[in-house]
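Q: Please work out how this folds:
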Amino acid sequence: MTCPSVVPLALASSLLLAPATVRGDAGGDRRVDAVAYAAALRPEGATRAEALLGFYQSRDYRPAWVEGGRLSRQGAALLQVLRDADREGLDGARYRHPVLDAADAADAATLGQIDLRLTDAFLQYATDIAQGRIDPAAANPYWAQRPRPVDAAGVLREAVESRDVETTLARLLPRNPQYAALRDALARYRALAARGGWPTTLAARLPVRPGRRAPEVAALRARLLAEGDLREAVPAARPDVFDKALSSALKRFEARHGLRPDGILDKAAVEALNVPVESRIRRIELNLERWRWLSPSLGDRFVLVNIAGFELHAFDGGRGVLRMRVVTGNAARTPTPVFGRAMTHVVFRPYWNVPTSIAEAEIMPAVYRDRGYLRRKNMELVRGPGGTQLRQRPGAGNALGLVKFLLPNPFGVYLHDTPEDALFAQPRRDKSHGCVRVEKPAELARFALAGAPEWTPARIRAAMARGGERHVALLEPLPVFVTYLTAWADADGVTSFYPDVYEHDAAQQRQLR
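A: Residues are numbered from 1 along each chain as shown. Take a look at the predicted model:
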């Protein structure tokens, strides 16, 4: 889908030349010609046109941002917010128009046009920051997370009545610290770009290991210094030697880019190093947009699973209190959907009810090859009202591990432990059938059951170690957001960029363009 500009360019001239943009009545009060403006806007932005017309009708067509023959204080404040839209990773040109650039010295004939355009831009900007500029699900059916619609007309009325346009609009922005940190990262990377960025000419030759001499080392040193991974500008005694400090800096870079942090200059590292700063800026802008697709406030306590970063973050009171690696759905066959639901139960020592698709594609072929397969895997056939169900009994070898976390959803996706701990050591971890395997299940259970003090760490470990399946209901549902963020900024200023394993970036960038 495409996003129209504030007013179609083809209509700009006719709107600017409209003779009755501001009209004076017998009493000397001025009125804006919102009817003509809305009629011209309607073909490209019907919702905004109706909101704009209704707004001016409710105030008898009096200007909202102009008084005394000039911009009011609130009009000037709104104009400044629009001029700063780029700071939020938005396209500032979407809200600007040449007539607004002359707002500070406009004649009376232009003031009504300015007032109308400011109101139109307000409605567009409020919608964009509250719910994003595009429909994320339009590019991929696995993106089930839809932004909540905003009543932009209601926000407009609130801003005018409160006479505090800045605060009213600021409340629509995501209030999560990670959004603010990523916005700060955008400013840093734009400053890097203004200084010329970094070199992108490293050659992808045979791996260069620490202690070796290579012609690429000087360029590598400059590249890592530019982004801050190399913290000392002092060159080595031999500038072409891949020394320990340079290897440590490369490890930091690799960790930030979802690569194996081995400090070896190989093909994967070179490809990431050669990504230009402009691409990183576009990546940050896209991920700021994804934060806007989430609820403005995610709550006091919540869990966020980042599919792209293969990480889980738990937040309490706005602070990150738990972080762990996860395994997510295979990109080619069973990608994990993007969605949000509330966790309701922790299940200790769960049965695994094998999905029919897995039973037919994986289990039964193994049974045909090995008659002892079901016994060795601790599996059984159970007859029920719906037919025969293949399931795996609780235990250390269970595919779900020793605990699972239920968040009822139409995809049948949940979080769970796993006996395959070796997967967490791999940098790319899209290895599951769609559910999310967690690295620290006992710690996540403690976080989920924090409202029940009787569930101490010792009791949680005991419930995982022995007994049968046990369902424990949470005292309060715990929001869980399974999302996809390829750029992530920590509170300490470290910005990470993750490979676009599901290729959501490319599709959504096309929508934004």
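
Q: most centrally placed residue in this protein?
A: Nearest to the mean C-alpha position of the chain, by C-alpha atoms, centre = their mean, lies R290 at 3.5 Å.

Q: what about that residue, which SS state?
A: What DSSP: H, G, I helix; E, B strand; the rest coil gives for R290 is helix.

Q: what sits against it?
A: Contacts for R290 (C-beta atoms under 8 Å, 6 or more residues apart in numbering) come out as G132, P136, T483, Y484, L485. All C-beta spots, glycine's among them, are computed from the backbone N, C-alpha and C.

Q: one more time with 7 Å, if that's ok
A: Residues in contact with R290 (C-beta atoms under 7 Å, 6 or more residues apart in numbering) are T483, L485.

Q: ok, now how distant is it from A139?
A: Separation of R290 from A139 (C-beta to C-beta, to the nearest Å): 12 Å.

Q: one step back: now that we're looking at the residue nearest to the centre of the chain, what pLDDT does it have?
A: On pLDDT, R290 comes in at 95.

Q: and if you look at the one 5 residues further on?
A: S295 is assigned a pLDDT of 78 by the prediction.

Q: how many neighbours does it have?
A: Other residues near S295 number 16, with proximity taken as other C-beta atoms under 10 Å.

Q: Now it: which helix or strand?
A: For S295, there is no host helix or strand (DSSP states H and E).

Q: could you pull out the helices for the stretch 151-300 of the chain?
A: Assigned by DSSP state H, counting those that start in this stretch, the stretch 151-300 of the chain shows helices spanning 152-162, 165-170, 177-194, 217-227, 244-256, 267-273, 277-293.

Q: can you pull the buried residues of the last one?
A: For helix 277-293, burial by neighbour count (16 or more other C-beta atoms under 10 Å) applies to 277, 280-293.

Q: Equivalent analysis for the third one, please.
A: Taking 16+ other C-beta under 10 Å as the basis for neighbour counts, the residues of helix 177-194 that come out buried are Q178, Y179, A181, L182, R183, A185, L186, Y189, R190, L192.

Q: what's that helix in contact with?
A: Residues from elsewhere that reach helix 177-194 (C-beta under 7 Å, 6+ apart): 87-89, 226, 277-278, 280-281, 284-285, 287-288, 291, 318, 487, 489-491, 495.

Q: The biggest strand by length in the chain pairs with which strands?
A: Across the chain, the longest stretch assigned as strand under DSSP state E is strand 470-483. When sheet partners are counted by DSSP bridges, strand 470-483 sits next to strand 301-306 (parallel), strand 339-348 (antiparallel).

Q: State the distance from the residue nearest to G54 when sequence neighbours are not counted to T119.
A: Leaving aside its sequence neighbours, G54 sits nearest to A153 (C-beta to C-beta, 6 or more residues apart in numbering; 6.4 Å). Look at A153 and T119: by C-beta to C-beta, they are 10 Å apart.

Q: Tabulate the buried residues of helix 177-194 in a markdown table, adding columns for pLDDT and distance to A361.
A: Below are the buried residues of helix 177-194 laid out as a markdown table (pLDDT from 0 to 100; distance: C-beta to C-beta, whole Å):
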| residue | pLDDT | distance to A361 |
| --- | --- | --- |
| Q178 | 92 | 38 |
| Y179 | 94 | 40 |
| A181 | 95 | 42 |
| L182 | 97 | 40 |
| R183 | 97 | 44 |
| A185 | 97 | 42 |
| L186 | 97 | 44 |
| Y189 | 97 | 44 |
| R190 | 97 | 48 |
| L192 | 96 | 48 |
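
Q: Now those in CSV, please, with extra columns for distance to I264.
A: CSV is the format used below for the buried residues of helix 177-194 (distance: C-beta to C-beta, whole Å):
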residue, distance to I264
Q178, 31
Y179, 34
A181, 30
L182, 29
R183, 34
A185, 27
L186, 31
Y189, 26
R190, 31
L192, 25
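
Q: so L475 touches P453, yeah?
A: No: in this structure, L475 is not within contact of P453 by C-beta atoms under 7 Å, at 10.5 Å.

Q: what comes into contact with stretch 231-246?
A: The set of residues external to stretch 231-246 that reach it, using C-beta under 7 Å, 6+ apart, is 208-215, 217-218, 220-221, 224-225, 230.

Q: Please identify the buried residues of it?
A: So for stretch 231-246, counting by 16+ other C-beta under 10 Å, buried means A236, F242, D243, A245, L246.

Q: of the residues you listed, closest to R369?
A: Nearest to R369, judged by C-beta to C-beta, of those is F242 at 48.6 Å.

Q: what about the stretch 101-250 of the chain, any weak spots by pLDDT?
A: For the stretch 101-250 of the chain, the stretches flagged by pLDDT under 70 are 105, 108-109, 204, 233, 235-236.

Q: and D151, what are its phi and psi?
A: Here is the backbone geometry of D151 (degrees, to the nearest 10): phi -90, psi 80.

Q: V346 versus that one, what's the distance?
A: According to C-beta to C-beta, D151 stands 37 Å off from V346.

Q: Looking at those two, which one has more neighbours?
A: V346 (27 against 13).

Q: Which residue is the nearest non-sequential neighbour of the more buried one?
A: Excluding the flanking residues, the one nearest V346 by C-beta to C-beta, 6+ apart is V472, at 4.8 Å.

Q: Show the contacting residues for that neighbour.
A: Here V472 is in contact with H345, V346, L449 (C-beta under 7 Å, 6+ apart).

Q: What about the residue nearest to the first one when sequence neighbours are not counted, how many residues nearby?
A: If I follow you right, that is H345. Of all residues not flanking H345 in the chain, L406 sits nearest, at 4.3 Å (C-beta to C-beta, 6+ apart). Neighbour count for L406, taken as other C-beta under 10 Å: 19.

Q: Touching, L406 and V413? I think so.
A: No: look at L406 against V413 with C-beta under 7 Å: they stay out of range, at 10.3 Å.

Q: Now do the shared contacts for these two.
A: Counting by C-beta under 7 Å, 6+ apart, L406 and V413 have no contacts in common.

Q: picking up where we left off before, the more surrounded of L475 and P453?
A: More crowded of L475 and P453, by other C-beta under 10 Å: L475, with 10 against 7.

Q: SS state for the closest residue to the more buried one other than its chain neighbours?
A: If the residues on either side of it in the chain are set aside, L475 comes closest to G451, at 4.1 Å by C-beta to C-beta, 6+ apart. Taking three-state DSSP as the rule, one finds G451 in the coil state.

Q: Would you state the helices of the stretch 351-500 of the chain in chain order?
A: Ranges of helices in the stretch 351-500 of the chain, per DSSP H, counting those that start in this stretch, are 356-358, 364-369, 373-376, 441-448, 457-465.

Q: could you dump the ones you listed to TSV with mean pLDDT?
A: What follows is the helices of the stretch 351-500 of the chain, written out as TSV (pLDDT from 0 to 100):
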stretch	mean pLDDT
helix 356-358	88
helix 364-369	89
helix 373-376	89
helix 441-448	98
helix 457-465	97
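
Q: Next, the angle helix 277-293 makes with the lengthiest helix in the chain.
A: Ranked by residue count, the top helix of the chain under DSSP state H comes out as helix 108-131. Orientation check (axes from the mean of the first three to the mean of the last three C-alpha atoms, to 10 degrees): helix 108-131 against helix 277-293 gives 80 degrees.

Q: Would you mark the buried spots in helix 108-131?
A: Neighbour-count burial for helix 108-131, counted by 16+ other C-beta under 10 Å, picks out 110-131.

Q: helices or strands up against that helix?
A: Packing partners of helix 108-131 (3 or more C-beta pairs under 7 Å, 6 or more residues apart in numbering; DSSP states H and E): strand 22-24, strand 30-32, helix 34-41, helix 46-58, strand 66-67, helix 73-83, helix 98-101, helix 152-162.
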